[in-house]
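Trainee: Sequence and predicted structure, then a few things I'm wondering about:
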Protein chains: 4
Amino acid sequence: MIRILLTNDDGIHSDGLIKLEEALREVGDVFVVAPESEMSGASHSLTLARPLRIRQIDERHWTVDGTPTDCVTLALHKILTGELRPHICASGINHGGNLGDDATYSGTVAGALEATILGVPGLAFSLVARENFDFTEAARFAVIAVRKALTEGLPEGTFLNINIPDGPIRGVRVTRQGIKNARPVISEHIDPRGRPYFWIGEEILEWDAAEGTDYWAVQQGFISVTPMRSDLTNHQAIPALASWDLLD
Amino acid sequence: MIRILLTNDDGIHSDGLIKLEEALREVGDVFVVAPESEMSGASHSLTLARPLRIRQIDERHWTVDGTPTDCVTLALHKILTGELRPHICASGINHGGNLGDDATYSGTVAGALEATILGVPGLAFSLVARENFDFTEAARFAVIAVRKALTEGLPEGTFLNINIPDGPIRGVRVTRQGIKNARPVISEHIDPRGRPYFWIGEEILEWDAAEGTDYWAVQQGFISVTPMRSDLTNHQAIPALASWDLLD
Amino acid sequence: MIRILLTNDDGIHSDGLIKLEEALREVGDVFVVAPESEMSGASHSLTLARPLRIRQIDERHWTVDGTPTDCVTLALHKILTGELRPHICASGINHGGNLGDDATYSGTVAGALEATILGVPGLAFSLVARENFDFTEAARFAVIAVRKALTEGLPEGTFLNINIPDGPIRGVRVTRQGIKNARPVISEHIDPRGRPYFWIGEEILEWDAAEGTDYWAVQQGFISVTPMRSDLTNHQAIPALASWDLLD
Amino acid sequence: MIRILLTNDDGIHSDGLIKLEEALREVGDVFVVAPESEMSGASHSLTLARPLRIRQIDERHWTVDGTPTDCVTLALHKILTGELRPHICASGINHGGNLGDDATYSGTVAGALEATILGVPGLAFSLVARENFDFTEAARFAVIAVRKALTEGLPEGTFLNINIPDGPIRGVRVTRQGIKNARPVISEHIDPRGRPYFWIGEEILEWDAAEGTDYWAVQQGFISVTPMRSDLTNHQAIPALASWDLLD
């Protein structure tokens, strides 16, 4: 029997997680280890400065008071060990897309990344919508993608960042991470005691919709599948840097 | 006059930050916007689920109750705006290395990454030591690297992840991100009320010390300079994925 | 129909809360507004420095990411307003006693106190046990006490701190708050990164078991009912203080 | 040499704390153990669910990432032990009054309460102002009150809740805790991601300004000194409760 680890960054109560769990039950035994509360924007953060608590809800569900990365780490090293070690890890379905640079902020993506680092193939799923989230198509595709990843095997050190458009699906495209031109919008308010506070939001100015990017695929109505790895190196910039005389 | 934004993930009281500030004062006007408390392992996380507070200490120092990414975002959009907009951003000096996959967990690296996304060249500095941190050489090299980045200009969308070895410096190498073979070690304890808690640590099994990697450079006594960008795509895996029939 | 507000400080998932809810359903309509996660030792703290989130689970259950005092405040001013305003508030059942000075640290007690300040009679329930919590007797007595408080009415500004002993119940005693002679025991540990942390525990040296105190009642196998109010004044000390010449 | 422990709930950077420290240096050796960040409304809460960190700034200053009660507990059992054990504890000066029921929410008051429970006489100081805090008179009176408490001794188990009015001081009154008639005002907002959040504020409707209360004293321009203890019992309500037949 196939064992599937499920996590996310919207927390155990998230509708996207529940829908993904329901769908993946037809592929294998699903075990959920997810944040107790919402962790959006958690990125690949790992909780090192404080301890973590694990709460077992039932035989298939646990919460951790930490990030998606914490959940995957504890799942693979404390909860689902030995014979329970999962064959694959699915993260999501996120409420909102993780396209372009946003992938680097995303806890959903980080869940799949951490599984990969720890030797379990990972797939991250995000629904590109802003409200009225209908996870039907995303969950349906998750079943297909997880099955394929199990039978074909993911390339060494590679995980998949999958974004599903809202509305009718025209097909699937394998893409590269695009570039977003956005501007943080910091809203400033005064609390009831007269002190200012700031809330980070964002205004998207434009997308680099070049053919082959994740954004382009979704914009055209395609599901975007981006193979990723944990390497941030800009290999093309190495020669330029090497010409600097850095010990002058 | 050159304006330099300084941040880190060890917090405003960190010795590495103080040493970097002292050193960079000879390059330009230094403005520090750093986390109020330690944020190690914060990765590229952005605080979206709660508001943030800014506390001004004096004309050159502010704290934010958030992550390095929050600090850079608020610095560039609320604190150092208009004529105060910095020419460059330095993050660190981190107490400990950020080599291999660790770069993806690092708040220090994320500070430089966020500055780059927001249009300000970024450099992250980490001292590869475990204790008895002597930041002298690291601070000295930071002056050189920041000056070079200002005069040469960093390639578009590129930031630098710089790791300085402990001990005598043999020179500088431009490197790529290496691969670490590590295992999380979860220590389990019982709190005074009888309930278990878990703390994430790590045991490093081995490093891929192939020539040209960050780890190799540091191991040989060289300062490692890795050009990075925010693209997680595994471009080499695109053809393999494209051959999958994902709509079966 | 009687409407009952239920809260606690062990969080919405606590067994003591679930048992109390089941029992009180025979008295009236029960509405639960409880902390999302555990808040033990929260005392009468009110969250002023940050905003709060309310999550509705179903028509009868809400969580708040704050303290019991926050829960009661939001319940009475945002959730159960107008025709839904509750007639009474029950807090608990706490896992462990709230006897002597411990009442002043207790979030369970604070829930009943806050309800009283806001005009709704409050009762706090705690089971004096350390493990193997059997809430049967405590829940049974809660039904009796809530019914009595509804029919008799609590004295103006008064709430009840009720502690139920573990094991056979000999009867009920109306008591005063006792005095505990305890010593904090601070356990000191080193985290995986080599840095110290401290955990507050406690060693109870002895109890003032004078007749009429809460501790005495529980020790003898009686349920202890202590009428309380929000007045911390030591009235007997006023004359002594008044004789000080404080403007010398 | 007299040793004085100083704490507060506005945090180590608070102006009220700094002014109190400066003033009390003429009475004895002052040691500050205060929260790292603001803890207003912390009440008598004790951090039991997670560990605490102590950061030493210099020979006279430490921060704790917890509440005033945590600070006092760690100060007396980990930091200022043996020959360093303080003779007295001062908490404050709080930015804003702690009158009436507000004393039960106050971290400033709780600091003095905790010291008293742990055997060190405690005094809490609050300046009854809303803005433009001038701590001159409050700090001056703190010196007088601490000296008196050292020479006269506080009654067993008693601590002082001292509120200083803003503006000219007419004298000092020993008072009892008054009654406030207030209404929480919950402001509701929408965050940048479209989700609601709530912030607790307060509207004061009226004060019970009966002669002898803390509020009355301050309203008349007197410093209010209220002797307090940790007993919440409403002794007058015991007979009424005793007449209930609680085992029907």
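Mentor: On my side now, so go ahead.

Trainee: how about low-confidence regions in chain A?
Mentor: Scanning chain A for pLDDT under 70 picks out A:247-248.

Trainee: now the strands for it?
Mentor: For chain A, the strands defined by DSSP state E cover A:3-7, A:29-35, A:54-58, A:61-64, A:88-95, A:122-128, A:159-165, A:171-174, A:180-190, A:196-207, A:222-228.

Trainee: So residue A:92 sits against residue A:128, correct?
Mentor: No. Using C-beta atoms under 8 Å as the test, residue A:92 is too far from residue A:128 to be in contact (11.9 Å). From N, CA and C alone the C-beta is placed, and that goes for glycine too.

Trainee: circling back: got the strands of chain A as CSV, with mean neighbour count and distance to residue B:217 columns?
Mentor: Below are these laid out as CSV (neighbours: other C-beta atoms under 10 Å in any protein chain shown; distance: least, C-beta to C-beta, whole Å):
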stretch, mean neighbour count, distance to residue B:217
strand A:3-7, 24, 35
strand A:29-35, 23, 37
strand A:54-58, 13, 39
strand A:61-64, 22, 36
strand A:88-95, 30, 32
strand A:122-128, 27, 29
strand A:159-165, 28, 27
strand A:171-174, 19, 34
strand A:180-190, 14, 32
strand A:196-207, 15, 36
strand A:222-228, 26, 25
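
Trainee: of those, which approaches residue D:225 most closely?
Mentor: For these, proximity to residue D:225 was assessed by C-beta to C-beta; strand A:180-190 is nearest, at 33.9 Å.

Trainee: Can you get me a residue count around residue A:148?
Mentor: Using other C-beta atoms under 10 Å in any protein chain shown, the number of residues around residue A:148 comes to 19.

Trainee: still on that earlier bit, may I see the strands of chain A organised as CSV, with distance to chain C added?
Mentor: Converted to CSV, those look like this (distance: least, C-beta to the nearest C-beta, whole Å):
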stretch, distance to chain C
strand A:3-7, 18
strand A:29-35, 11
strand A:54-58, 7
strand A:61-64, 9
strand A:88-95, 15
strand A:122-128, 21
strand A:159-165, 26
strand A:171-174, 35
strand A:180-190, 10
strand A:196-207, 8
strand A:222-228, 28
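
Trainee: Compare those and give me the one nearest chain D.
Mentor: Proximity to chain D, assessed across the strands of chain A by C-beta to the nearest C-beta, is greatest for strand A:196-207 (2.8 Å).

Trainee: Which strands and helices lie in contact with that closest one?
Mentor: strand A:180-190, helix B:68-74 (3 or more C-beta pairs under 8 Å, 6 or more residues apart in numbering or on different chains; DSSP states H and E).

Trainee: check whether the first one contacts chain D.
Mentor: It stands for strand A:180-190. Yes. Using C-beta under 8 Å from any C-beta of the partner chain, strand A:180-190 reaches chain D at A:185, A:187, A:189.

Trainee: tell me the contacts of the second one?
Mentor: Put plainly, it is residue A:187. By C-beta atoms under 8 Å, 6 or more residues apart in numbering or on different chains, residue A:187 lies in contact with A:198, A:199, A:201, D:192.

Trainee: Does the second one touch residue D:192 like I think?
Mentor: So that's residue A:199. Yes. Residue A:199 is within contact range of residue D:192, at 5.5 Å (criterion: C-beta under 8 Å).

Trainee: Contacts for the longest helix seen in chain A, please.
Mentor: If each helix of chain A is counted by residues according to DSSP state H, the longest one is helix A:136-152. Contacts to helix A:136-152, defined as C-beta under 8 Å, 6+ apart, come from residues A:2, A:4, A:16, A:19-20, A:22-24, A:26-27, A:87-88, A:90, A:92-93, A:121, A:123, A:125, A:127, A:160, A:162, A:164, A:169, A:172, A:223, A:225, B:244, B:246-248.

Trainee: Next, count neighbours for residue A:136.
Mentor: The burial metric for residue A:136, expressed as a neighbour count using other C-beta under 10 Å, is 10.

Trainee: can you put the strands of chain A in CSV and add distance to residue D:33?
Mentor: CSV is the format used below for these (distance: least, C-beta to C-beta, whole Å):
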stretch, distance to residue D:33
strand A:3-7, 40
strand A:29-35, 33
strand A:54-58, 32
strand A:61-64, 32
strand A:88-95, 43
strand A:122-128, 45
strand A:159-165, 47
strand A:171-174, 58
strand A:180-190, 31
strand A:196-207, 27
strand A:222-228, 47
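
Trainee: quick one, which of those strands is nearest to residue C:61?
Mentor: Closest to residue C:61 of the strands of chain A is strand A:54-58 (C-beta to C-beta; 15.5 Å).

Trainee: is chain D contacted by the closest one?
Mentor: No. Strand A:54-58 does not reach chain D (C-beta under 8 Å from any C-beta); its nearest approach is 12.4 Å.

Trainee: Contacts for that strand, please.
Mentor: A:12, A:36, A:62, A:63, A:64, A:74, A:78, A:79, B:196, B:198, C:13.

Trainee: Just name the closest of those residues to residue D:41, please.
Mentor: residue A:36 (23.4 Å).

Trainee: residues in contact with the closest one?
Mentor: Neighbours of residue A:36 in contact, by C-beta under 8 Å, 6+ apart: A:11, A:12, A:55, A:63, A:64, A:65, C:36, C:37.

Trainee: what about 6 Å?
Mentor: By C-beta atoms under 6 Å, 6 or more residues apart in numbering or on different chains, residue A:36 lies in contact with A:63, A:65.

Trainee: From chain C, how far off is residue A:107?
Mentor: 18 Å (C-beta to the nearest C-beta, to the nearest Å).

Trainee: What of residue A:177?
Mentor: Distance from residue A:177 to chain C, counting by C-beta to the nearest C-beta: 32 Å.

Trainee: and that residue, how many residues sit next to it?
Mentor: Neighbours of residue A:177 (other C-beta under 10 Å): 27.

Trainee: Surely it touches residue B:235?
Mentor: No. Taking contacts as C-beta atoms under 6 Å, residue A:177 lies outside contact range of residue B:235: 9.6 Å.

Trainee: Residue A:70 contacts residue A:63, doesn't it?
Mentor: No. Residue A:70 is not in contact with residue A:63 according to C-beta under 6 Å; the separation is 10.9 Å.

Trainee: Got phi/psi on residue A:220?
Mentor: When read as degrees, to the nearest 10, the backbone of residue A:220 gives phi -80, psi 0.

Trainee: What separation do you get for it and chain D?
Mentor: For residue A:220, the distance to chain D equals 26 Å [C-beta to the nearest C-beta].

Trainee: where's the spatially closest residue to that residue that is not a sequence neighbour relative to residue A:137, distance?
Mentor: With sequence-adjacent residues excluded and distances taken as C-beta to C-beta, 6 or more residues apart in numbering or on different chains, residue A:220 is closest to residue A:170, at 6.7 Å. Taking C-beta to C-beta, to the nearest Å as the measure, residue A:170 and residue A:137 are separated by 11 Å.

Trainee: more crowded one of those two?
Mentor: residue A:137 (16 against 12).

Trainee: do stretch A:61-73 and chain B meet at all?
Mentor: Yes. With C-beta under 6 Å from any C-beta of the partner chain as the criterion, chain B is reached by stretch A:61-73 at residue A:73.

Trainee: That stretch: end-to-end distance?
Mentor: End-to-end distance of stretch A:61-73 (C-alpha to C-alpha, to the nearest Å): 15 Å.

Trainee: same question, stretch A:220-237
Mentor: 31 Å.

Trainee: which residues touch that stretch?
Mentor: Outside stretch A:220-237, the residues that reach it (C-beta under 6 Å, 6+ apart) are A:113, A:141, A:157-165, A:170-175, A:177, A:214, A:217-218, B:101, B:103-104, B:155, B:158, B:176-177, B:226-229, B:232-234, B:237, B:241.

Trainee: Any idea how far stretch A:168-180 is from the middle of the chain?
Mentor: Using C-alpha atoms, centre = their mean, to the nearest Å, the mean C-alpha position of stretch A:168-180 is found 15 Å from that of the whole chain.

Trainee: Kindly report the same for stretch A:167-177.
Mentor: Computed by C-alpha atoms, centre = their mean, the chain-centroid distance of stretch A:167-177 equals 17 Å.
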